[in-house]
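# Fold the following.
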Amino acid sequence: MAVRQRLPELIRALKSAPARPVAKNHLLPSLRRAFSLYDQINLIDNVPDDQLRFQRYTDTGFRVNGVEYEGSLLCYGNFLMSWTPKKFSDITSDSLSIFRTMRPVPEILILGCGRHIEPVDPELRHFIRSTGMKLEVLDSRNAASTYNILNEEGRMVAAALLPYGVSS
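Okay, the predicted model is just below:
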């Protein structure tokens, strides 16, 4: 009950507070921004500094936590590594074999296909399901954003991303 009584005061305070400038360099949306009230309240305030966050994508790579990476990336939680596939047809069960031994198993694998979403081979889908993961196939821009959101929520998520400039 006390929260309902304080809500009008909070809204008045937000309306009278000067607006904070919006950062112009963030090309990928953040969970913090998506859940803010009047862009003033940060509901997720204590995200660890060492948490992986995709900040930008290019045709040839990604910026993660302020560091530029060229080529494809494979990440899980806060683990990031270079990944060998250069085009979508290079993605096979062998290129994702690390998930056979990785524990705990991620609940979802986000597959970033490059510029366009591609249909996934049934054999590859079967392999991913056999590891216990669900598969989400997106273009790499949206895959990086989805990874950020799920990782910030504390979900067990992995991403295998081709650079955005890759197309079949």
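
# give me phi/psi at the residue nearest the centre of the chain?
By CA atoms, centre = their mean, the chain has its centre lying nearest to Y147, at 1.8 Å. Taking degrees, to the nearest 10, you get phi -60, psi -50 for the backbone angles of Y147.

# give the contact list for it.
L52, F54, C75, I110, V157, A159, L161 (CB atoms under 8 Å, 6 or more residues apart in numbering). (Glycine included, C-beta is placed from N, CA and C.)

# one more time with 7 Å, if that's ok
Contact analysis of Y147 by CB atoms under 7 Å, 6 or more residues apart in numbering lists F54, I110, V157, A159.

# Distance of the second one relative to A160?
Taken as CB to CB, to the nearest Å, the spacing of I110 relative to A160 amounts to 7 Å.

# Low-confidence bits of this protein, can you list those?
1-7, 10, 17, 19-49, 168 (pLDDT under 70).

# Now do the helices in it.
Applying DSSP state H to the chain gives helices spanning 2-16, 31-34, 122-130, 140-152.
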